[in-house]
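A.B. asks: This is the structure alone, sequence omitted:
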């Protein structure tokens, strides 16, 4: 394994996502015992969207409910926002608007990136899952991640 460090300039607004990506790759390496994990067909930092047959694999409704219950208020707003617009591609801008409106907090996409990064770590470490129950894809046009929740999962979240 090559642990040499490389200095790479990263735009401030993407720093949290880069940290999250590195943490996910490190955890996957540990989980698989692999020497090196290569991103699979990635054009950005997030995993490509799974096809419908494998979407949300490995998550039971009870696990989704537990994750929702154990999430901080800002993450609950993000999940409810995705559920309310199931199938739509949402961005951190959409989530920042929702959190600002519903929780009366300042509208900062960097805070949203932090909430999503913490959620990703919780998914990996607490629930021992290798994927989320919503899709995360890189959107070149938006220069950021796009988040999509399936209608099936949205029904579970909307009921909470």
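C.D. replies: Thanks, I have the structure now. Computed from a predicted model, the values in this text were never measured in an experiment.

A.B. asks: Next one: residue 107 from residue 92, what distance?
C.D. replies: Distance, residue 107 to residue 92, by CB to CB, to the nearest Å: 11 Å. Where C-beta positions appear, they are placed from N, C-alpha and C, glycine not excepted.

A.B. asks: ok, these two, which is more surrounded?
C.D. replies: residue 92 (25 against 14; other CB atoms under 10 Å).

A.B. asks: Would you confirm that the more buried one contacts residue 143?
C.D. replies: No: using CB atoms under 8 Å, residue 92 is not in contact with residue 143; the gap is 11.0 Å.

A.B. asks: Check residue 111 and give its pLDDT.
C.D. replies: Looking at residue 111, its pLDDT reads 86.

A.B. asks: Count residues in the vicinity of residue 69, would you?
C.D. replies: 9.

A.B. asks: which residue packs closest to it, ignoring adjacent ones?
C.D. replies: residue 160 (7.6 Å; CB to CB, 6 or more residues apart in numbering).

A.B. asks: List the contacts of the one you found.
C.D. replies: 65, 68-69 (CB atoms under 8 Å, 6 or more residues apart in numbering).
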